[in-house]
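Visitor: the amino acid sequence is not available; the structure is as follows:
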């Protein structure tokens, strides 16, 4: 009996794979299937997933038929056994990991199971009076399986936030200061090595202790968890970059893991259909604290946090993470960026522009305060090519970023509301630590040349001293009635087998410092973690935490505050930040590239 080329089953396999991609992305991003964006997704999946899969499947089945001497029944039975094995593996993963992992397990394992199932079907297609019925059954199976195995196709309609404020335990200022990369172990060593006036000032007035971090230990994920109180899987910021599809009306897409996703995205980028950009506020799917505490009587002032561009309207002021990059700091250019919307309200960007300090404007004296290098070398740092994780490349950017954000924060505190919510972010410690920790006098057992130790050995201690001087001035500017939380997202640790390499891959603890509310009276080290920061800020402001926030309000850090127990009750809030999916917002391409260049310099992206 003549054999039929496996064209039909191959096309069916390609169609199933393409439909799976469309369903997975549409489901995660709440894109209705029968819309323009849904159609574009399916078209790209057919072009870059479906056709290659179909071609590969045709070659596979053709090879099997050529080299195998099995008859049709035996080949069909073997293929069916493979299909059942794939489906059984997916079911086993679901059973082992629990019901909560059903969606992830099916998405990762189902495409292979479907392909193997259609391999079984291909063995049944023979020239016979039943051929039409067989092909029809195969088509129906191919189209039905994704619909059956993707359980979350009915999107949850977002509802407005329904959070009622309660009597606030604290009626004065609430201040959060984030210091990226401030390390508990390094701080402990520095405290033993030298007596720093500003650190002693905090010791007398504050609680200082470790803060648990989370994995994966990536700054955008952690800082978004800090301001939302939620894990990355819920708040939506899952990496340094997100995907922008030119043909879609949607601004950004979350791409779930599925078979072939890596190659599909690279092909889309190669052909110009998509590009990766720094994470934005449109990736943040849950409201941050300043949008929950959105009250004219307690206006917010936010500076520099990750994923805050484009800034969303609020009762207060916001300086986004793109604001600093308008003057091309990485390329050390004085040319203004073309993105007009880096602050809220937008006109504020022009008024604050004089507070920016670009790396090119960092003076030799500022460099020599940190490093023991010759003045001519400090004066010529502007001409150095950028090197990943090299202190000489990152120090000017660290000083520039911190000085710029410090100037804005101090101005906001000087003219801000006496009951305001203030949230400031500083990045310099992390930048300097990546390049200088291995040379630090605080870790004398790390093998370094005498010259490197002389040039860079005091960089960490001096930058910590610089940072604590800045923190003290901000605390004093906030006033005596302010409650202040200073915290970091992670510390640093030495990699196993490579003691000279300092990283933060496995959530080394950061630091939490509490000032006000008799925090200096706290005994011991109360358990505190990243997820506790947002509930604490909400508690202080008189707002209940979301019932999905895994953390608790750190009431024990402020023994002098007698809060209303009702303020600790949980609230059922909106599942999503947006009542409507955000539309595309185009920023300045040059500014995006400058932000990405800094991430490449740090080794976070390639």
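Guide: Cool, the structure landed. Everything numeric here is computed off the predicted structure, so don't read it as measured data.
Visitor: in terms of secondary structure, what does the helix or strand containing residue 277 contact?
Guide: Following DSSP states H and E, one finds residue 277 within strand 274-278. The criterion is 3 or more CB pairs under 8 Å, 6 or more residues apart in numbering; DSSP states H and E, and the helices and strands that strand 274-278 contacts are strand 241-245, helix 261-270, helix 589-601. To be clear about C-beta, it is placed using only N, CA and C from the backbone, and glycine gets the same treatment.
Visitor: how does it look with 6 Å?
Guide: Helices and strands touching strand 274-278, by 3 or more CB pairs under 6 Å, 6 or more residues apart in numbering; DSSP states H and E, are strand 241-245.
Visitor: next, the angle from the strand it packs on to strand 274-278.
Guide: Counting by axes from the mean of the first three to the mean of the last three CA atoms, to 10 degrees, strand 241-245 lies at 140 degrees to strand 274-278.
Visitor: hmm, back to that, list the strands paired with the strand holding residue 277, with their directions.
Guide: strand 241-245 (antiparallel) (DSSP bridges).
Visitor: residues contacting the closest residue in space to residue 293 that isn't next to it in sequence?
Guide: Among residues not flanking residue 293 along the chain, residue 541 sits closest, at 4.7 Å (CB to CB, 6 or more residues apart in numbering). Residue 541 is in contact with 168, 174, 293, counting by CB atoms under 6 Å, 6 or more residues apart in numbering.
Visitor: repeat the analysis, applying 8 Å as the threshold.
Guide: Residues in contact with residue 541, defined by CB atoms under 8 Å, 6 or more residues apart in numbering, are 165, 168, 170, 174, 293, 298, 421.
Visitor: distance to residue 456, pLDDT and secondary structure added to these, as a markdown table?
Guide: Formatted as a markdown table, the contacts of residue 541 follow (distance: CB to CB, whole Å; pLDDT from 0 to 100; DSSP: H, G, I helix; E, B strand; the rest coil):
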| residue | distance to residue 456 | pLDDT | secondary structure |
| --- | --- | --- | --- |
| 165 | 49 | 62 | coil |
| 168 | 47 | 82 | coil |
| 170 | 42 | 87 | coil |
| 174 | 38 | 97 | strand |
| 293 | 42 | 90 | coil |
| 298 | 44 | 92 | strand |
| 421 | 38 | 97 | strand |
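Visitor: which of those has the most neighbours?
Guide: Neighbour counts for the contacts of residue 541 (other CB atoms under 10 Å) peak at residue 174, which has 28 neighbours.
Visitor: which stretches in the stretch 301-450 of the chain count as strands?
Guide: 316-319, 343-344, 421-426 (DSSP state E, counting those that start in this stretch).
Visitor: what is the mean pLDDT for the first one?
Guide: Mean per-residue pLDDT for strand 316-319: 96.
Visitor: what lines up beside that strand in the sheet?
Guide: According to DSSP bridges, strand 316-319 has these partners: strand 300-303 (parallel), strand 343-344 (antiparallel).
Visitor: mean pLDDT lowest for which of those strands?
Guide: With a mean of 92, strand 343-344 has the lowest mean pLDDT of those.
Visitor: tally of neighbours for the closest residue to residue 436 other than its chain neighbours?
Guide: The shortest distance from residue 436 to any residue other than its chain neighbours is 4.0 Å, reached at residue 459 (CB to CB, 6+ apart). Residue 459 has 22 neighbouring residues, counting by other CB under 10 Å.
Visitor: cool, residue 471 as well?
Guide: 25.
Visitor: would you mind measuring from it to residue 404?
Guide: Applying CB to CB, to the nearest Å, the value for residue 471 to residue 404 is 16 Å.
Visitor: any idea how far residue 570 is from residue 554?
Guide: From residue 570 across to residue 554, the span is 16 Å (CB to CB).
Visitor: residue 202: which element?
Guide: Assigned by DSSP H and E, residue 202 falls in helix 197-205.
Visitor: no no, residue 175
Guide: In the assignment (DSSP H and E), residue 175 maps to strand 174-179.
Visitor: my read: residue 504 touches residue 217, true?
Guide: Yes: counting by CB atoms under 8 Å, residue 504 does reach residue 217; the two are 4.7 Å apart.
Visitor: and for those two, which residues touch both?
Guide: Listed as contacting both residue 504 and residue 217 by CB under 8 Å, 6+ apart are residue 490.
Visitor: paired strands for the strand holding residue 175, with orientation please.
Guide: When DSSP bridges is applied, strand 174-179 pairs with strand 421-426 (parallel), strand 483-487 (parallel).
Visitor: low-confidence ranges, the stretch 251-400 of the chain, go.
Guide: For the stretch 251-400 of the chain, applying pLDDT under 70 flags the ranges 251-252, 256-263, 326-340, 383-389.
Visitor: can you pull out the helices in it?
Guide: 261-270, 289-292, 348-352, 364-368, 375-379, 391-415 (DSSP state H, counting those that start in this stretch).
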